[in-house]
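>>> Give me the fold of what follows.
(chains A and B)
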Amino acid sequence: MATLLQALYEGIINGTIYALIAMGIALVWGVMGILSFSQGEFLMIAMFVAYFFSTATGLPPVLALPLCMGVLFVLGLGIYKTIIYKALQGPTLSQRLITFALSLVLVNGMLMLFGGTFKTIQHTGMEGSINIGPLVIAKNRIIPFIIAVCVFVFMLWFLNKTRQGKAIRATSMDKTAAEHVGINTEKSYALAFGLSAAVAGAAGCALSYYYYCYPSVGGNFQLFGFIAVVMGGFGSVEGAIVGGLIMGLVDSLTGVYFNTAFKYLGVCLIFMLILQFKPKGLFGGK
Amino acid sequence: MNLKKAISVVMIGTMVGTLAAGMATTTTYAADTIKIGWLAPLTGTAAENGQQVTWAAEMIVDLINEEHADVNMLLAADAGLPNLDGAQIELVEADTKGDTTVATSEARRLISEEGCVALTGQLTSGMSKAISVITEQYEVPLVTAGSAVTLTDGSEDYDWLFRYNLTDDTYIDDSYKLMDEANAAGTEIKTVAFLSEDSEFGANIVTVEEKKAEEYGYEVVENMTYAANSTSLSSEVIKLKEANPDCLMVAGYATDVILLINTMSDQDWFPKMLIGQRGGFVTADFFSALGDKVEYIFSTGGWAEDIQKDCIQSLEEIYPEYSKGIAFNEGMSKDCADVLLIASCINQAGTTDSAALAEALKAPDADCSQIFMPWTSIEMNEYNQNTAATGVIMQVQGGSYKTVYPEEVKTADAVFDAPTWSER
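Residues are numbered from 1 along each chain as shown, chains lettered A, B, ... in the order given. Take a look at the predicted model:
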């Protein structure tokens, strides 16, 4: 029982990070039909921001959350205006590959700037663990979980309840119709890309609590993000959250109860199984 | 030429220049140079470590080429190779990008286009096997520090592959002997668990670990492999915690070792003994990324900074000039020793002829007190393996590795029963 509880807990914690990555990918795909291969690199940049903030000030990384999200939002907007906007006017293949090229530029740029050494924040202010019965809760996993939940709630509120969020959703449903009713779809595109980068920024800040940071770190999480998006349903933010959590849980439970060598096999089998019954993903039909 | 064209020309020129620089960076000398091919990851995720090892190899070459009477290392007293009229060694560097396919094509280029007389570098066992296809074809010596037993146990037909460093067999023998010492000292070590990454490196090590556990009479309570660069090692640690072995042996690269130790700390579990099988445990990142969490961790090694040899102290002083302050470490010592031995054997052969060089590599006439490794002699067997190579086991004590095994070279006593995280 203790092992099951621990496995479920760890699965949910890891799943929230996958879900944050997936959420950004789903948003960009849903609104503008672009596969964001640079989502992992946005996460990486945020990890560097959190790392430098925390080591320079001695403050916990969570205080860098607004900075991480702000820097990434501005970076996302900038990239949209200078690169993505132009690519959207070109052939579909260019649109798909532009973020892939961008990810290579970001990885190599960071490698040139900061080198390839692995950086970890050694004193997060949340060292040690809390024992609740048989469950060991590492203190440095609590904050990432809270950050993730806050971002989920904020994003769902923003997209469903605010005027601009509704405009983004309308644009994702039918761009032409949205323009006919007076929605500035160009603004929706830019905001969606900026927001997706900001969400990756939150993921990076959360992850910096317990994961090492180096220029290629994003690639480790990107693939999981894509699988979570497809599992949840392309373009569905809610689906991305659920997909990410399922992946974290399957990863953890397969490793504990089957074989650690095949835990990614478990993830992929569940992924294929879901697509057999729900080809558009869990929330894809909505 | 309009502005756009001018910019294009400049950009293409820059790219071609960068590509050429990346493909082969050579240290050039005026005349009478002998080329040794050096393969290491200079870009990609392993670039940082590859670059550090490359700087160390460049330092060894400089010590050989210039006169350093104050450094008690082979070939350092004279400028160049004395038996070849002071010929200089040129290290022709090639970037493997950490990719076996790239390494193989670069090995071919180093031999066929650059005219290298021998190859070495920062090579894994898997990479060494792939490159040996080329070196066997061209009949050029390949000297590797990859530790897989299968490289030199006669299971493969390698005539041109040489290894002066240890095999996994010896490293793991040392690990079990240290566990025996723990038992003798009163710390009860009966059970062991293995955690290994799933590439050639981890797979080779765990095979030997399993075989030797039975020989030494230890019960294996868990044996797990994981995918390198994992996003999470939580389930692995949960299972380890459940099995609760007295000793955990880990074979992994830096990224996974960092994640593992952090996850163990998060889940509040640490065994009585944790023995790393080199890899990520002997990199500079191990200390810088984990801080005081590395305390009490053991690692096997082919080298240790506290071994009492004059040349080791000299290298420790000189290397920071090449490395922007990073200290000379175990990971780089083995590959650099290979460079030194190749140069020494070229000098011994008095020629760069492949056959003569291979003969010299089979029976090096080198004074081991002038080699910065713990070995006291070199004895090559019929499979070109140095059977006299000896290793050490180090333990992090007070923020740095101290040699705790074997008795003859140890500089500190091992702490066998590591305290829990909360007791630290």
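>>> ok, which stretches of chain A are helices?
Along chain A, counting by DSSP state H, helices occupy A:2-32, A:39-57, A:65-79, A:85-87, A:92-114, A:139-161, A:163-173, A:175-180, A:185-207, A:217-232, A:237-257, A:263-277.
>>> I'd like those helices as JSON lines, with mean pLDDT and distance to chain B appended.
No exception for glycine: its C-beta is placed from N, CA and C like everyone else's. Converted to JSON lines, those look like this (pLDDT from 0 to 100; distance: least, C-beta to the nearest C-beta, whole Å):
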{"stretch": "helix A:2-32", "mean pLDDT": "90", "distance to chain B": "4"}
{"stretch": "helix A:39-57", "mean pLDDT": "95", "distance to chain B": "11"}
{"stretch": "helix A:65-79", "mean pLDDT": "96", "distance to chain B": "19"}
{"stretch": "helix A:85-87", "mean pLDDT": "88", "distance to chain B": "16"}
{"stretch": "helix A:92-114", "mean pLDDT": "88", "distance to chain B": "7"}
{"stretch": "helix A:139-161", "mean pLDDT": "92", "distance to chain B": "6"}
{"stretch": "helix A:163-173", "mean pLDDT": "91", "distance to chain B": "28"}
{"stretch": "helix A:175-180", "mean pLDDT": "91", "distance to chain B": "33"}
{"stretch": "helix A:185-207", "mean pLDDT": "94", "distance to chain B": "9"}
{"stretch": "helix A:217-232", "mean pLDDT": "90", "distance to chain B": "5"}
{"stretch": "helix A:237-257", "mean pLDDT": "92", "distance to chain B": "3"}
{"stretch": "helix A:263-277", "mean pLDDT": "89", "distance to chain B": "6"}
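>>> lowest-pLDDT helix or strand in chain B?
In chain B, no helix or strand scores lower on mean pLDDT, DSSP states H and E than strand B:25-26, which sits at a mean of 38.
>>> chain center to the helix or strand just after it: distance?
Remark: after strand B:25-26, the chain's next helix or strand is strand B:33-40, criterion DSSP states H and E. In terms of C-alpha atoms, centre = their mean, to the nearest Å, the centre of strand B:33-40 is found 17 Å from the chain centre.
>>> In contact with B:Lys410, which residues?
Applying C-beta atoms under 8 Å, 6 or more residues apart in numbering or on different chains, we find B:Lys410 in contact with B:392, B:402-404.
>>> And those residues, which is closest to chain A?
Comparing the contacts of B:Lys410 against chain A with C-beta to the nearest C-beta picks out B:Lys402 as the nearest, at 21.8 Å.
>>> who wins for neighbours among the contacts of B:Lys410?
B:Val392 (26 neighbours; other C-beta atoms under 10 Å in any protein chain shown).
>>> For it, grab phi and psi.
phi -140, psi 170 (degrees, to the nearest 10).
>>> right, and B:Leu341 touches B:Ile371 too?
Yes. With contact defined as C-beta atoms under 8 Å, B:Leu341 reaches B:Ile371; the gap is 7.5 Å.
>>> between the two, who's got more neighbours?
Neighbour totals were compared for B:Leu341 and B:Ile371, and B:Leu341 leads with 25 against 22 (other C-beta under 10 Å).
>>> how close does that one get to chain A?
Applying C-beta to the nearest C-beta, to the nearest Å, the value for B:Leu341 to chain A is 29 Å.
>>> Which helix or strand contains that residue?
Assigned by DSSP H and E, B:Leu341 falls within helix B:330-349.
>>> What is the distance between that helix and the centre of its chain?
13 Å.
>>> same question, stretch B:293-313
13 Å.
>>> now stretch B:208-220
Stretch B:208-220 has its C-alpha centroid displaced from the chain centroid by 25 Å (C-alpha atoms, centre = their mean).
>>> So which bits of the stretch 1-150 of chain B are right by chain A?
B:44-48 (C-beta under 8 Å from any C-beta of the partner chain).
>>> Now for residue 252: which residues touch it?
You didn't pick a chain, so chain A it is. A:Ser252 sits in contact with A:7-8, A:10-11, A:14, A:263, B:232, B:234-235, B:238, where contact means C-beta under 8 Å, 6+ apart.
>>> let's do chain B instead
So B:Gly252 contacts B:195-197, B:202, B:226, B:228, B:260, B:276, B:279-280 (C-beta under 8 Å, 6+ apart).
>>> Could I get the phi/psi values of the residue of the stretch 251-400 of chain B found nearest chain A?
Using C-beta to the nearest C-beta, the closest approach of the stretch 251-400 of chain B to chain A is made by B:Asp266 at 3.3 Å. Backbone torsions of B:Asp266, given as degrees, to the nearest 10, read phi -60, psi -40.
>>> Isn't it up against A:Ser129?
Yes. Using C-beta under 8 Å, B:Asp266 makes contact with A:Ser129 at a distance of 6.5 Å.
>>> quick one on the thing from earlier: skip the chain neighbours and tell me the closest residue to the residue of the stretch 251-400 of chain B closest to chain A.
A:Ala138 (3.3 Å; C-beta to C-beta, 6 or more residues apart in numbering or on different chains).
>>> can you pull up the bridge partners for that neighbour?
Beta bridges link A:Ala138 to A:Ser129 when assigned by DSSP bridges.
>>> That one: what's it in contact with?
Each residue near A:Ala138 by C-beta under 8 Å, 6+ apart is listed here: A:128-129, A:210, B:265-268.
>>> so which of those comes closest to B:Val71?
Set against B:Val71, the nearest of these by C-beta to C-beta is B:Ser265 (41.3 Å).
>>> Show me where the stretch 101-250 of chain B has its strands.
B:118-121, B:142-143, B:161-162, B:191-197, B:219-226, B:247-251 (DSSP state E, counting those that start in this stretch).
>>> Can stretch B:313-329 be said to contact chain A?
No. Applying C-beta under 8 Å from any C-beta, one finds stretch B:313-329 separated from chain A by no less than 9.5 Å.
>>> For that stretch, output the C-alpha coordinates as PDB.
The C-alpha coordinates for stretch B:313-329 follow below in PDB (Å, rounded to 0.1, in the frame of the first residue of the first chain):
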ATOM      1  CA  GLN B 313      50.900  16.600  -8.700                       C
ATOM      2  CA  SER B 314      52.500  18.300 -11.700                       C
ATOM      3  CA  LEU B 315      49.500  17.600 -13.900                       C
ATOM      4  CA  GLU B 316      47.100  18.900 -11.200                       C
ATOM      5  CA  GLU B 317      49.100  22.100 -11.200                       C
ATOM      6  CA  ILE B 318      49.400  22.500 -14.900                       C
ATOM      7  CA  TYR B 319      45.900  21.400 -16.100                       C
ATOM      8  CA  PRO B 320      43.900  24.400 -14.700                       C
ATOM      9  CA  GLU B 321      45.800  26.600 -17.200                       C
ATOM     10  CA  TYR B 322      44.200  24.600 -20.000                       C
ATOM     11  CA  SER B 323      40.800  24.200 -18.400                       C
ATOM     12  CA  LYS B 324      39.800  27.600 -17.100                       C
ATOM     13  CA  GLY B 325      40.300  26.300 -13.500                       C
ATOM     14  CA  ILE B 326      38.700  22.900 -13.700                       C
ATOM     15  CA  ALA B 327      40.700  20.200 -11.800                       C
ATOM     16  CA  PHE B 328      42.200  17.200 -13.500                       C
ATOM     17  CA  ASN B 329      40.100  14.200 -12.700                       C
END
